[in-house]
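Colleague: Need a 3D model of the following:
(2 chains)
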Amino acid sequence: MVGLVGGGGWRVGDDAAGGGGGGAVAAGAAAAAEAEHMRRLHSHAPGEHQCSSALVKHIKAPVHLVWSLVRSFDQPQRYKPFVSRCVVRGGDLEIGSVREVNVKTGLPATTSTERLELLDDDEHILSVKFVGGDHRLRNYSSIVTVHPESIDGRPGTLVIESFVVDVPDGNTKDETCYFVEAVIKCNLTSLAEVSERLAVQSPTSPLEQ
Amino acid sequence: MRETGATDEGHACEVVVAGGDGKAAAARRRRRLELRRLGLAAEDDAAAKRIRSVKDGSSSDDSSTEVVPRSWPACVSHGSVSVIGRRREMEDAVAIERTFMASTGDGAGAIRGGGEGEEDFFAVYDGHGGSRVAEACRKRMHVVLAEEVSLRRLRGQSASGGDVRWKEAMLASFARMDGEVVGSVAAAAPRVDGTEPSGFRTVGSTAVVAVVGRRRIVVANCGDSRAVLSRGGVALPLSTDHKPDRPDELERVEAAGGRVINWNGYRVLGVLATSRSIGDYYLKPFVSAEPEVRVVERTDKDEFLILASDGLWDVVSNEVACKIARNCLNGRAASMFPESVSGSSAADAAALLAELAVSRGSRDNISVVVVELRRLKSRAA
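Modeller: Residues are numbered from 1 along each chain as shown, chains lettered A, B, ... in the order given. This next block holds a predicted model:
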């Protein structure tokens, strides 16, 4: 079961189902680390007609593997299951690059135009803004950060994804957050699956991160 | 992309061939006009019929039907069309398997009388997030169903339990099919080198299946494709679409811990616009693969059956679809518009419905199966 709704340790600081595994002290330390990452890297200032939220995912794969997937602005389909096709305008990848994303059928959108705002390979930060498309997510801005952590004594990765977006006419803040979170949970679940499969295919030494 | 199914008479239909010259364009324009007239005429007729039936509501269609079990040839003819329409990808699939039980090899039909084992299988699958689940259903559903039905027949339950047996077999087949696609689609997705998309968990398909026997029709539905029976000129839906805002479906989704949000139409989690489907692993258990099954006894008044994806039903009502198919099957459409309607076979009727849907602006893939249950017109002429 995928567990897209409820439970499952998606919230920041909620480490019931997260990594650690070393009892209350370790869990407490992990939660404190998450809170620190949140404060430092994921501070959004939502307006009155906006909503904002953040989700976390613990992945049993080394951080360089997870980051290689997250940072590929030109190939989100490597892990995002709703993307069927992606083309970067102009070809070169740099801050300000714009990608045209085609979305698979059966979803409430078919296209999305998205701009690369920030790609920091040292701090492992990716920030993307939606600038067009036939979806209802106006002024959508997201930040994804990945952080090394130890899961059961092996190299693991903590992923935090946060967003801010306008609440569209006809919906409540709660509905908007719920919808965006459902999509992000699906993306992060898929990111974990793809990363963990890659990790098994190309095992790295426990020291390497 | 276009596939047309042939009827028994091998009467394939040739339509919608795009030409480049002005002559062809003029012909297409005329065709579109004639189609529109056909559709509008059918709408007027349907409206008149509704008024009439309200007026003399006392006279019932089921005027004390005879008790003697009757039987008919399972299907006189059939035809199908599946078109990509205005979409970029084709994700619909159609399956037609005559005497589909014969493939199980237990000879159930030969041993028993009364038409058991002579049933024909018809289905429309409308895929989303890719075509893999719809394709898997096209290849496997009738095989799985034949196994489930023969399993129950061999157990030898009493004949009176026939309806129950069919329902059980349908439920079991949809559950098995759902398990198969989750397993096989997941297994088929291990390559992550950038060429293989990671979307196996988000592929799904609706399924509407009709098994047409000599005495009864069994319809199983999961999703928003639909089966409609034309009985004595009246359109009788044999399935009810699984839309997330259907009160009982809404209740089911919420009881499972999910939510239905109006996000460009009502959707499960704001994402999927149907509340049941095969596949869609990521939306389980909110989106269910369990079909609703309906068994109807056949009557003398049954004319034909239409199965179609929402590419048709979004723009053509049950009544108009039946009217058009009827006018095609009885030859009237061909004699009225000989240049636009090529014949009066079930395949012609299916093609006509698909074209009408395109001309009315359907944006989706369109698949239509027409099953003729009794002749509306002598074919000798």
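Colleague: Select the helix or strand of chain B having the lowest average pLDDT value.
Modeller: Least confident helix or strand of chain B, by mean pLDDT, DSSP states H and E, is helix B:108-111 with a mean of 42.
Colleague: helix or strand right after that one?
Modeller: strand B:120-128 (DSSP states H and E).
Colleague: For A:S127, list each beta-bridge partner.
Modeller: A:L118, A:I143 (DSSP bridges).
Colleague: what's the distance between it and A:R11?
Modeller: 21 Å (CB to CB, to the nearest Å). For glycine as for every other residue, the C-beta is placed from the backbone atoms N, C-alpha and C.
Colleague: Comparing those two, which shows the higher neighbour count?
Modeller: More neighbours surround A:S127 than the other of A:S127 and A:R11, with 18 against 14 (other CB atoms under 10 Å in any protein chain shown).
Colleague: Quick one: neighbours of A:L41, just the number.
Modeller: 18.
Colleague: was I right about it contacting A:I125?
Modeller: Yes. Proximity of A:L41 to A:I125 meets the contact threshold set by CB atoms under 8 Å, at 6.2 Å.
Colleague: Between the two, which contacts overlap?
Modeller: A:143, A:145 (CB atoms under 8 Å, 6 or more residues apart in numbering or on different chains).
Colleague: tally of neighbours for residue 81?
Modeller: This is for chain A. 26.
Colleague: wrong one, I was asking about chain B
Modeller: 29.
Colleague: Show me what the longest helix belonging to chain A is packed up against.
Modeller: Assignment by DSSP state H gives helix A:173-201 as the longest helix of chain A. With contacts taken as 3 or more CB pairs under 8 Å, 6 or more residues apart in numbering or on different chains; DSSP states H and E, helix A:173-201 sits against strand A:50-59, helix A:63-70, strand A:154-166, strand B:260-262.
Colleague: just the helices in chain B please.
Modeller: Using DSSP H, the helices of chain B run over B:22-55, B:108-111, B:132-154, B:162-187, B:247-255, B:310-313, B:318-329, B:332-336, B:346-359.
Colleague: any idea of the angle the helix or strand of chain A with the lowest mean pLDDT forms with strand A:50-59?
Modeller: Of all helical and strand segments in chain A, the minimum by mean pLDDT, DSSP H and E falls on helix A:23-41, at a mean of 79. Going by axes from the mean of the first three to the mean of the last three CA atoms, to 10 degrees, helix A:23-41 is angled at 130 degrees with respect to strand A:50-59.
Colleague: What residues sit buried inside helix A:23-41?
Modeller: A:27, A:30-31, A:34, A:37-38, A:41 (16 or more other CB atoms under 10 Å in any protein chain shown).
Colleague: Excluding chain neighbours, give the residue nearest to the residue of chain B found nearest chain A in space.
Modeller: The minimum distance from chain B to chain A, using CB to the nearest CB, falls at B:H128 (2.8 Å). Of all residues not flanking B:H128 in the chain, A:G106 sits nearest, at 2.8 Å (CB to CB, 6 or more residues apart in numbering or on different chains).
Colleague: State the distance from that neighbour to A:F82.
Modeller: Counting by CB to CB, the gap from A:G106 to A:F82 is 9 Å.
Colleague: Quickly list what's touching both of the two.
Modeller: Residues touching both A:G106 and A:F82 by CB under 8 Å, 6+ apart: B:G129.
Colleague: what about the two, which has more around it?
Modeller: A:F82 (26 against 23).
Colleague: Which residues are in contact with that one?
Modeller: Taking CB under 8 Å, 6+ apart, one finds A:103-104, A:107, A:183, A:186-187, B:129, B:199, B:202 in contact with A:F82.
Colleague: go with 7 Å
Modeller: Going by CB atoms under 7 Å, 6 or more residues apart in numbering or on different chains, A:F82 touches A:103-104, A:107, B:202.
Colleague: quick one, phi psi at it?
Modeller: Dihedral pair for A:F82: phi -90, psi -10, per degrees, to the nearest 10.
Colleague: Which residues of chain A lie near chain B?
Modeller: A:1-2, A:4-6, A:75, A:77-79, A:81-82, A:104-108, A:136, A:170-171, A:175, A:178-179, A:182, A:186, A:190, A:194, A:197-198 (CB under 7 Å from any CB of the partner chain).
Colleague: what's the neighbour count on A:V87?
Modeller: 12.
Colleague: Hmm, it is touching A:E100, no?
Modeller: Yes. Under the criterion of CB atoms under 7 Å, A:V87 makes contact with A:E100 at 5.0 Å.
Colleague: before we move on, the earlier item: correct me if wrong, but the residue nearest to B:H128 is in a strand.
Modeller: No. Assessed with DSSP: H, G, I helix; E, B strand; the rest coil, A:G106 is coil; it does not lie in a strand.
Colleague: From the centroid of chain B, which residue is nearest?
Modeller: B:L307 (2.3 Å; CA atoms, centre = their mean).
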